[in-house]
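**Q** please find the sequence and the predicted model below.
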Amino acid sequence: MSSEVVDVATPSSETPKRKYYIERVPGETLSSSTKKGKSEDKVKAKRVDSMLQVLMAWPNKDIWPFKIAAPLMALSGGLPGLVLNNAFRKGLLLSRVGNQSSYFATVGIPAVLSGVMHAAFITSDILEQNTACPVCVQVRSAACQIAAGVVYPAMLTPIVNFHLASGLKDIYLPKITKNPGELLQYAVNLFSTVKTRFFYLAALQIVVAMGITHLEQTCFNDVVLPVMRGENDFSKETRKIEFKDRI
C-alpha cells in the first residue's frame, strides 16, 4: 500500500473503514509514477487492469455501469447481425445448411467485438481519464458499436450466406465473376426485407453505447474517485459509501 493512500486517510476513528476498501486497491492504481525498467505503456496497461480488478471486486452495487457495460454492448451488438442473417438464410432457403457457422460469423463475432472494443477503448479511457471531453468519449463509444455491431455484419452476412448457398443445386445464385451487378441486386433485395428493423437496431446501438458510457463516466466521477481520493469512506458495516459533509 502506497504512502499516498495512507496520507489521504482522515482521523484514526475512520481509518478502519477506509482500510477495508484501500487494502483492495493495488498501489499501481493510485500511483502515477512508472517503475524503473518498464515502459510507460506497460505501466498504464497494468494500472488499467488493476482498476478493472478493483471495480469487479467492488463489494456493493454502486459501480454497476462498469459491471454491465461490456456484456450489454455484446448483447446489443449481436442483434443487427441476428436479424440480417435470419433474412438472408430465409431468402436463400438455407434451412439448416451451415447454421452454426453463419450465426457464429454474423452474430457471435460482432457481439464479442462490441464488448471487447468497449472495454479496450471506452472503459479504459474513462479509468485513465485520457480524454478531457466526455461527449467525445461517448461519440467514440457509439462509433465503435456501429462498426462492430452494424457495419461488420452488414458486410459479412452476404458473403457468408452466398458462399453457403453456392453449394446448393435447388436455388439460382448469380456468379460473382460473371454477374456481379445481379448478385449485388440480389443482396439488396434480401436486405430490403428487414431494412426497417435493421436501421432501428442500428439507432439502438448509438443510444445504448452513449447511454452506458455516460453512466460509466458519472459513476467514476461521483463514486470511484471520491473514495480513491479519500473524500468519502466505504463502510464495512453498511457496505455503502458514506458521504462526508462538505463545508
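**A** Ah, there it is. Numbers count the residues shown, from 1 in each chain.

**Q** Lys175 versus Ile109, what's the distance?
**A** Distance, Ile109 to Lys175, using CB to CB, to the nearest Å: 27 Å. Glycine gets a C-beta too; all of them are placed from N, C-alpha and C.

**Q** and these two? Which one has more around it.
**A** Ile109 (18 against 10; other CB atoms under 10 Å).

**Q** now the element after the host helix or strand of that one, going C-ward?
**A** Under DSSP states H and E, the secondary-structure element containing Ile109 is helix 109-118. Remark: after helix 109-118, the chain's next helix or strand is helix 124-128, criterion DSSP H and E.

**Q** show me what counts as buried in that next one.
**A** By neighbour count with 16 or more other CB atoms under 10 Å, helix 124-128 contains the buried residues Ser124, Asp125, Ile126, Leu127.

**Q** that one packs against which elements?
**A** Under the contact definition 3 or more CB pairs under 8 Å, 6 or more residues apart in numbering; DSSP states H and E, helix 124-128 sits against helix 40-56, helix 134-146, helix 195-219.

**Q** of the ones you listed, which approaches Ala165 most closely?
**A** Taking CB to CB as the measure, those were each checked against Ala165, and helix 195-219 came out nearest at 20.0 Å.

**Q** quick one, that closest one and helix 109-118 angle?
**A** Counting by axes from the mean of the first three to the mean of the last three CA atoms, to 10 degrees, helix 195-219 lies at 20 degrees to helix 109-118.

**Q** list the buried ones in helix 195-219?
**A** 198, 201-202, 204-206, 208-210, 212-214, 216-217, 219.

**Q** now do stretch 172-182
**A** By 16+ other CB under 10 Å, the buried positions in stretch 172-182 come out as Leu173, Pro174.

**Q** relative to helix 195-219, how tilted is the strand or helix carrying Lys90?
**A** Secondary-structure element containing Lys90, defined by DSSP H and E: helix 64-91. Relative orientation of helix 64-91 and helix 195-219, computed by the same axes, to 10 degrees: 170 degrees.

**Q** contacting residues around the closest residue to Gly91 other than its chain neighbours?
**A** Counting by CB to CB, 6 or more residues apart in numbering, Leu190 is the residue found nearest to Gly91 once chain neighbours are left out, at 4.3 Å. Leu190 makes contact with Ala87, Phe88, Gly91, Leu92, Pro158, according to CB atoms under 8 Å, 6 or more residues apart in numbering.

**Q** helix or strand for the last one, just tell me which one.
**A** Pointing back at Pro158 there. If you go by DSSP H and E, Pro158 is part of helix 152-165.

**Q** which helices and strands does that helix pack with?
**A** Contacting helix 152-165 under the criterion 3+ CB pairs under 8 Å, 6+ apart are the following elements: helix 64-91, helix 99-103, helix 109-118, helix 180-192.

**Q** mean confidence for the last one?
**A** Mean pLDDT, computed over helix 180-192, is 89.

**Q** and that helix with helix 64-91, angle?
**A** Computed by the same axes, to 10 degrees, the angle between helix 180-192 and helix 64-91 is 120 degrees.

**Q** dump helix 180-192 to PDB, keeping only the CA atoms.
**A** As requested, the backbone C-alpha atoms of helix 180-192 are provided in PDB (Å, rounded to 0.1, in the frame of the first residue of the first chain):
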ATOM      1  CA  PRO A 180     -21.600  -9.100 -60.000                       C
ATOM      2  CA  GLY A 181     -24.300  -6.500 -60.500                       C
ATOM      3  CA  GLU A 182     -27.000  -9.100 -60.400                       C
ATOM      4  CA  LEU A 183     -25.600 -10.600 -57.300                       C
ATOM      5  CA  LEU A 184     -25.400  -7.200 -55.700                       C
ATOM      6  CA  GLN A 185     -29.000  -6.500 -56.500                       C
ATOM      7  CA  TYR A 186     -30.000  -9.900 -55.100                       C
ATOM      8  CA  ALA A 187     -28.300  -8.900 -51.800                       C
ATOM      9  CA  VAL A 188     -30.100  -5.600 -51.800                       C
ATOM     10  CA  ASN A 189     -33.400  -7.300 -52.300                       C
ATOM     11  CA  LEU A 190     -32.800  -9.600 -49.400                       C
ATOM     12  CA  PHE A 191     -31.700  -6.700 -47.200                       C
ATOM     13  CA  SER A 192     -34.800  -4.700 -48.100                       C
END
